[in-house]
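Chemist: I'd like to go over a predicted model; first the sequence, then the structure.
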Amino acid sequence: MAATTQTTEINTLGLMQKIQSLPPERVAEVVDFVEFLAARVQRAAAAQHLTDAMARP
């Protein structure tokens, strides 16, 4: 199910408020986790690009 832009904005605002209420050490954990997720997405995209390139004749 795709989220609408409005729903995403509302969720982002709520998430930002929750993060801002955390102590600094927990914010650091959130940052680490987000960086981990971003790296995972990047690796998956790179792997797909490589797979696509190898499939070309």
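Modeler: Happy to help now that I have it.
Chemist: the helices in the protein, which residues?
Modeler: All helices of the chain, identified by DSSP state H, fall at 5-20, 24-55.
Chemist: where among those helices is the average confidence lowest?
Modeler: Set side by side, the helices of the chain give their lowest mean pLDDT on helix 5-20, at a mean of 89.
Chemist: quick one on the thing from earlier: how about CSV for the helices of the chain, with mean neighbour count added?
Modeler: Glycine gets a C-beta too; all of them are placed from N, C-alpha and C. Below are the helices of the chain laid out as CSV (neighbours: other CB atoms under 10 Å):
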stretch, mean neighbour count
helix 5-20, 10
helix 24-55, 10
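Chemist: Okay, L13 and A38: tell me how far apart.
Modeler: Distance, L13 to A38, by CB to CB, to the nearest Å: 20 Å.
Chemist: again, but for I10
Modeler: I10 is 22 Å from A38, by CB to CB.
Chemist: cool, and L50?
Modeler: From L50 over to A38 (counting by CB to CB), the distance is 19 Å.
Chemist: what's the answer for P24, then?
Modeler: Where A38 is concerned, P24 sits at a distance of 21 Å (CB to CB).
Chemist: Over to Q48?
Modeler: 16 Å.
Chemist: How about Q17?
Modeler: As judged by CB to CB, Q17 and A38 stand 21 Å apart.
Chemist: again with P57
Modeler: Taken as CB to CB, the span from P57 to A38 is 33 Å.
Chemist: same question, A53
Modeler: 23 Å.
Chemist: What does R56 show for phi and psi?
Modeler: phi -70, psi 140 (degrees, to the nearest 10).
Chemist: so how many other residues sit close to it?
Modeler: Counted with other CB atoms under 10 Å, the neighbours of R56 add up to 5.
Chemist: Quick check, pLDDT for it.
Modeler: For R56, the predicted pLDDT is 80.
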